[in-house]
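>>> next comes the sequence, and after it the predicted model I'd like to discuss.
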Amino acid sequence: MIIFRKSAQLLEKLQQLKNEGKKIGFVPTMGALHSGHISLIGESKLHCDITICSIFVNPTQFNDPADFEKYPVTIENDIYQLHKTGTDILFLPSVAEIYPNGLDNGPHYELGFLESILEGYYRPGHFQGVCRVMHRLLTICQPDELYMGQKDYQQCMVVKKLLSDYNLSCNLHIVPTMREANGLAMSSRNLRLSAEAKTQAAAIYHALTHIKDNVGKTTPENLKREAVAIIERAGFNKIDYLDICNAEDLAPSVNDKLFDHNVALTAAFIEGVRLIDNLVID
Ligand code: AMP
């Protein structure tokens, strides 16, 4: 695996690979890698000639500075994991490399409705930061295929819009969420949880599964109430949202009526750590 810290050098290498006709797959991450990240690498390796992973803890997407400070960093282990899975290139840029004009001078991305709901509502500015880093990374890496996790459902929709609005010609592949044996979605933030909280946190999955298993048997409002109760009973201190939306575009259900394809999404805090998850319910 070759490690690049400078975009100019990475660009040069990629140009050479492209001239050789290689298909480039890209997996952007913020590190503290787990099996969820590795499954994205696996998908890329399966379908592409060259797999690039980036590790960059993007400061502009953290609306809470304390969350940024506490974000887990396990870079030595990450490099080992990537090497072991046969990743071809690791891009490990500095903040200055991604934001040569500084952190405060970014363009505004028009995300409309997507920015006003769920994660967009509870994390103001978060998706602007996501778009800034993704736009920059995609401009540098110019991948043919892009692999992202369903765990960040709304982020996938935002990136889909970014690709379309800026005519970035790569295909987005959304990879299913990898879970612990108890159902807890794998997340770098789980590293900040005690063993007890990791057990309790499986309630998020149980709540989403409750919705999936009982859809049609009672009203969506009842389902949401019951799911919230499951999460609260498990010891979560706060729930930002728990909603059932249109799986296609995240439109909220109106008059308690569901769509043809739905997704249940939630964000909740345990031990001060904010966890998100979702489940598609057809
Ligand atoms: P992050 O490092 O949290 O920014 O995540 C990098 C990529 O890994 C994103 O596309 C995430 O959606 C994806 N990802 C994170 N957790 C999981 C998971 N449990 N299963 C599959 N993909 C994941």
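Looks like it came in fine.
>>> contact residues of this structure facing the ligand?
Residues of the chain lying close to the ligand by C-beta under 6 Å from any ligand atom are 29-30, 36-37, 39-40, 148-149, 151-152, 175, 177-178, 185-188. (C-beta placed from N, C-alpha, C; glycine too.)
>>> keep only those of these that are in strands.
Within the residues of the chain next to the ligand, residues falling in strands by DSSP state E are 29, 148, 149, 175.
>>> among the residues you listed, which one lies nearest to the ligand?
Using C-beta to the nearest ligand atom, residue 149 comes nearest to the ligand of these, at 2.4 Å.
>>> wait, isn't the closest one in contact with residue 173?
No. Using C-beta atoms under 8 Å, residue 149 is not in contact with residue 173; the gap is 10.1 Å.
>>> who has more neighbours out of the two?
A direct count of neighbours by other C-beta atoms under 10 Å for residue 149 and residue 173 places residue 149 higher, at 22 against 15.
>>> would you map the strands across the stretch 151-282 of the chain?
171-175, 238-246, 262-270, 273-281 (DSSP state E, counting those that start in this stretch).
>>> helices of the chain, start to end?
For the chain, helices defined by DSSP state H occupy the ranges 7-19, 35-47, 65-69, 75-84, 95-98, 118-122, 126-141, 153-165, 195-200, 203-214, 220-233.
>>> tell me the helices and strands packed up against the longest one.
If contacts are counted by 3 or more C-beta pairs under 8 Å, 6 or more residues apart in numbering; DSSP states H and E, helix 126-141 sits against helix 7-19, strand 24-29, strand 50-55, strand 89-91, helix 95-98, helix 118-122, helix 153-165.
>>> got the angle for it vs strand 50-55?
140 degrees (axes from the mean of the first three to the mean of the last three C-alpha atoms, to 10 degrees).
>>> what are the buried residues along helix 126-141?
126-138, 140-141 (16 or more other C-beta atoms under 10 Å).
>>> and the residues you listed, which is closest to residue 238?
Proximity of the buried residues of helix 126-141 to residue 238 (C-beta to C-beta) peaks at residue 126, which lies at 17.3 Å.
>>> give me every residue that touches the closest one.
Shown in contact with residue 126 (C-beta atoms under 8 Å, 6 or more residues apart in numbering): 61, 62, 63, 119, 120.
>>> quick one: which of those residues has the most company?
Within these, most neighbours by other C-beta under 10 Å means residue 119, with 23 neighbours.
>>> check contacts around it.
By C-beta under 8 Å, 6+ apart, the residues touching residue 119 are 126, 127, 154, 155, 267, 276.
>>> how about a cut-off of 10 Å?
Listed by C-beta atoms under 10 Å, 6 or more residues apart in numbering, the contact partners of residue 119 are 63, 126-127, 130, 152-155, 158, 240-241, 250, 265, 267, 276.
>>> repeat for residue 194
Applying C-beta under 10 Å, 6+ apart to residue 194 gives the contacts 200, 270, 271, 273.
>>> my guess is residue 147 contacts residue 54. True?
No. Look at residue 147 against residue 54 with C-beta atoms under 10 Å: they stay out of range, at 11.6 Å.
>>> that's all I had, so thanks and see you.
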